[in-house]
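Q: need the 3D shape of this:
(chains A and B)
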2 protein chains.
Amino acid sequence: MFDKVALIGIGLIGSSIARAVRSHKLAGKISGCDISAEARAQATALGLVDAMHEDPAEAVADADLIVICAPVGAHGALAEQFGAAVKRGAIVTDVGSVKGTVAPAMAPHLADGVHLIPGHPVAGTENSGPEAGFAELFLDRWCILTPPPDADADTVQLLQRFWETMGSRVEIMTAEHHDKVLAITSHLPHLIAYTIVATADDLEGQFKQEAGDNVSKSEVIKFSAGGFRDFTRIAASDPVMWRDVFLANKGAVLEMLGRFSEDLTALQRAIRWGDGEELEKLFTRTRDIRRGIVEAGQAGTFRAVEEARAGALKDN
Amino acid sequence: MFDKVALIGIGLIGSSIARAVRSHKLAGKISGCDISAEARAQATALGLVDAMHEDPAEAVADADLIVICAPVGAHGALAEQFGAAVKRGAIVTDVGSVKGTVAPAMAPHLADGVHLIPGHPVAGTENSGPEAGFAELFLDRWCILTPPPDADADTVQLLQRFWETMGSRVEIMTAEHHDKVLAITSHLPHLIAYTIVATADDLEGQFKQEAGDNVSKSEVIKFSAGGFRDFTRIAASDPVMWRDVFLANKGAVLEMLGRFSEDLTALQRAIRWGDGEELEKLFTRTRDIRRGIVEAGQAGTFRAVEEARAGALKDN
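A: Okay, the predicted model is just below:
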C-alpha cells in the first residue's frame, strides 16, 4: 500500500502499527523515531522497524505515510522539526486522543501538497512502550479520521483502507465532534479513574491506623475486587499522554465534568435523603448501556491475544 | 462440615454458594428460598438445592448454617419471618456488602444460642440470578467476617473454614471498619460508575443531533473502548442490591464521596489553569496502585471459568 511508512513515536500504539504493517504487508519499509533512547533500543532489538532514528526529519525522508504516535502536546514541535523533510504528496496523520489541536499545531510547518489527515484509533491497553504493542490491537476497534473540509477524497480513502486492513472500522467526523464524543467516552472516564485511585491511596494511612496493627498489604488492594479494580486499569495509563489530553481538550473535558458533577450531586442528595426509588430507577437504566456495548462487540479485552503472547513469551 | 445449609436468596451469590457447597461436599443437604418464583423455578431446574421453599421459615428448619443472600434492606424482615424456626446452635450469616446494619436488624429476631456472624465475600460479577452463579466465584477472593465481640471463637473458626474450603481467604474485622473500607473499594466505585454511565446516556441525544444524521448505533457505545466500557461493567450490577447498599451505608459513602469530590475539584482546577505538572504527578502516582493489585492476584476476571461455562452451555 505504501513504499515507506514512518512512525514518529514507537510506544504502545506506534509499535502495534509497526507489527500490523508488517503482518499485513502494508509497506515496503518502516522507519521509526523516538525521543527515548531506551524505546529506540527496544524497537531495534524487537526488529519492529527497518531503521530507527533519533531525528524525526531523518525518519520521514521519502516516506509516503507518516504517523505521529506521540503525546498530543508534542505534535507542533515535531512538525517543526520534520516538516521541511516531508515528501510532496505524502500523508501525515496521527493517533492522538484529541483532534482539535492537531491541524492548528502541525499545518503551519507542512508544505502545500502534503496531506494532513488527523486520526485516532480508539484502542489501547494500560501498558506502555514498544514491548507492550501487538498487531491485533486495532482489530474490531473504531478508528476516527477527522480530515479538514478541503482534504483530497482519494487520500482520505487510502488512509481509511490502511486502518481497515489492520482490522479497524473507520468513522469520519469533524475534529470538534470527535473531541466532544471522546471527552465523555474516554477523557472523563480516565479523569475519574485517576481521581478515585488517588483518593483511595490517600485513605490507606487512615485504614492502617484504624486496623491497629501493621497491615502490610493495602486493604484497598486486598478488597479491590469489589469494584475498585475496574478503575485501576485505566488509571495505569501513560501519564504524559494523558496530561496532554486534558490540556488539549480542556473545554470539552470541563463541560463533561460539569455534567457529571451535577449528576453525582443529585445522586448524593438521593442517598442523603434516603430516596431509594430514585436510586433504583437510575441503577436500572444503566444496565441497558452495558448490554449495548456487549452486543456491539466492544466489551472485550484482548484476552486471547494477551494469553497467546504470554504463552509465546514463556516458550522463548 | 454441616448437615444442612439453608440459602435464603438464590441469585448470583446464593447459587454460587450452592454450587461450591456441592462441589466441595460441605453439606449433607441444601435447602433454598427465594422471593421470586422465577428464581425458585430456575434453581430447581438447575438442581442447585435439595428443596426449594417460598417461606424462609421452612427453609431454615433443621439447618446448621443459614446464609442470607438477599439485598441488605431485606435482612430484618427475613429474620422476623424465620427467626423462631432457627435451630439452637445454628450459625446465621450473610453475604451483604454492608455490615453495620446486619446485627441490629437481625439479632432482635434470633433466640439466644443462635450464632449471628455477619460476612461478606468480596466477589461478584455484573450478572444476576441463579443461572449466573458458578462454584469458582470465591476462588482467591477475600471474604470478610465481622463477628460481634462476644462471638464464640470455635463457631467463627468453623465459618472461616467454610469460606476457605470454597477457595476464599478470610479476614476478620469490625463491621464499622468493613463499611469504611468497602465504601471506598466498592460502594463509591459503583456510585461513580452508575453516574457516569447515566451522564453519557443523557448526552446521546445531543450527539445524534450534532452528527446531523440518523446515527443508529450509539456513539457512546461505539467508542466505549476508549475507557468508558470499564465503568459499564459494574454499572450493570443488580439495582435493588445496590439501592440497599447506599441506603444502609449512607454515612461512610457520603464521607468517601466528599473526599472524592474534593479531589476531583482540585483536578478540575488544574485542568482549567493548565497545570500540566500537577496532572502528570497525580497520573504517575496512580500507576503503582494498579501494579499492587496485579501483584496481589486481584486484577483478574473469571475468564477461564466463564469461557469454560460458555463452552459447556454450548455443548448441552
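Q: burial count for the closest residue to residue A:167 other than its chain neighbours?
A: Nearest residue to residue A:167, sequence neighbours excluded (C-beta to C-beta, 6 or more residues apart in numbering or on different chains): residue A:139, at 3.6 Å. Quick note: C-beta positions are derived from backbone N, CA and C, even for glycine. Using other C-beta atoms under 10 Å in any protein chain shown, residue A:139 has 14 neighbouring residues.
Q: my read: residue A:139 touches residue A:169, true?
A: No - in this structure, residue A:139 is not within contact of residue A:169 by C-beta atoms under 8 Å, at 10.0 Å.
Q: so for stretch A:295-306, what's the average pLDDT?
A: Averaged across stretch A:295-306, the pLDDT comes to 55.
Q: if we can go back for a sec, from residue B:79, how far off is the residue nearest to residue A:167?
A: 52 Å (C-beta to C-beta, to the nearest Å).
Q: ok, residue A:75 next?
A: Residue A:75 is 63 Å from residue B:79, where distance means C-beta to C-beta.
Q: and if you look at residue A:41?
A: Residue A:41 sits 66 Å away from residue B:79, going by C-beta to C-beta.
Q: quick one: which of those two has more around it?
A: Comparing residue A:41 with residue B:79 by other C-beta under 10 Å, the one with more neighbours is residue B:79, at 25 against 13.
Q: now do the same contact list for the closest residue to chain B within the stretch 1-150 of chain A.
A: Proximity of the stretch 1-150 of chain A to chain B (C-beta to the nearest C-beta) peaks at residue A:122, 4.8 Å away. Contact analysis of residue A:122 by C-beta atoms under 8 Å, 6 or more residues apart in numbering or on different chains lists A:141, A:142, A:143, A:144, A:182, A:185, A:186, B:223, B:225, B:226.
Q: what's the helix or strand containing the fifth one in contact with?
A: Same thing as residue A:182. Residue A:182 is located in helix A:175-182, with elements delineated by DSSP states H and E. The list of residues contacting helix A:175-182 from outside it, by C-beta under 8 Å, 6+ apart, reads A:97-100, A:102-103, A:118, A:120, A:122, A:144, A:146, A:173, A:249, A:252, A:255, B:207, B:210-211, B:219-220, B:223, B:226.
Q: quick one: buried ones out of these?
A: Among the contacts of helix A:175-182, the ones that count as buried by 16 or more other C-beta atoms under 10 Å in any protein chain shown are A:97-100, A:102-103, A:118, A:120, A:122, A:144, A:146, A:173, A:249, A:252, A:255, B:207, B:210, B:219-220, B:223, B:226.
Q: mind listing which of these are in strands?
A: Cross-referencing those against strands under DSSP state E gives A:120, A:144.
Q: among the buried ones among the contacts of helix A:175-182, which lie within helices?
A: Judged by DSSP state H, the buried ones among the contacts of helix A:175-182 include A:102, A:103, A:252, A:255, B:207, B:210, B:219, B:220 as members of helices.
Q: mind giving me TSV with these and columns for distance to residue A:6 and pLDDT?
A: As requested, those are arranged in TSV below (distance: C-beta to C-beta, whole Å; pLDDT from 0 to 100):
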residue	distance to residue A:6	pLDDT
A:102	17	97
A:103	19	96
A:252	30	94
A:255	36	94
B:207	34	73
B:210	34	67
B:219	31	85
B:220	34	84
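Q: format those residues as CSV; extra columns: distance to residue A:276.
A: Shown next, in CSV, are these (distance: C-beta to C-beta, whole Å):
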residue, distance to residue A:276
A:102, 47
A:103, 50
A:252, 34
A:255, 31
B:207, 31
B:210, 36
B:219, 32
B:220, 27
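Q: between those residues, which is closest to residue B:111?
A: Using C-beta to C-beta, residue B:220 is the member of these that lies nearest residue B:111, at 53.3 Å.
Q: setting aside sequence neighbours, what's the nearest residue to that closest one?
A: Distances taken as C-beta to C-beta, 6+ apart put residue B:200 closest to residue B:220, at 4.7 Å, once the chain neighbours are dropped.
Q: contacts only, for that neighbour.
A: Listed by C-beta under 8 Å, 6+ apart, the contact set of residue B:200 reads A:184, A:185, A:289, B:220, B:228.
Q: and the fourth one, how far from residue A:30?
A: Residue B:220 sits at a distance of 35 Å from residue A:30 (criterion: C-beta to C-beta).
Q: re the thing from before, okay, buried residues for the helix holding residue A:182 please.
A: A:175, A:177, A:178, A:179, A:180, A:181, A:182.
Q: so residue A:74 belongs to a helix, correct?
A: Yes - counting by DSSP: H, G, I helix; E, B strand; the rest coil, residue A:74 is part of a helix.
Q: what sits closest to it if chain neighbours are left out?
A: Closest to residue A:74 by C-beta to C-beta, 6+ apart is residue A:244, at 7.5 Å.
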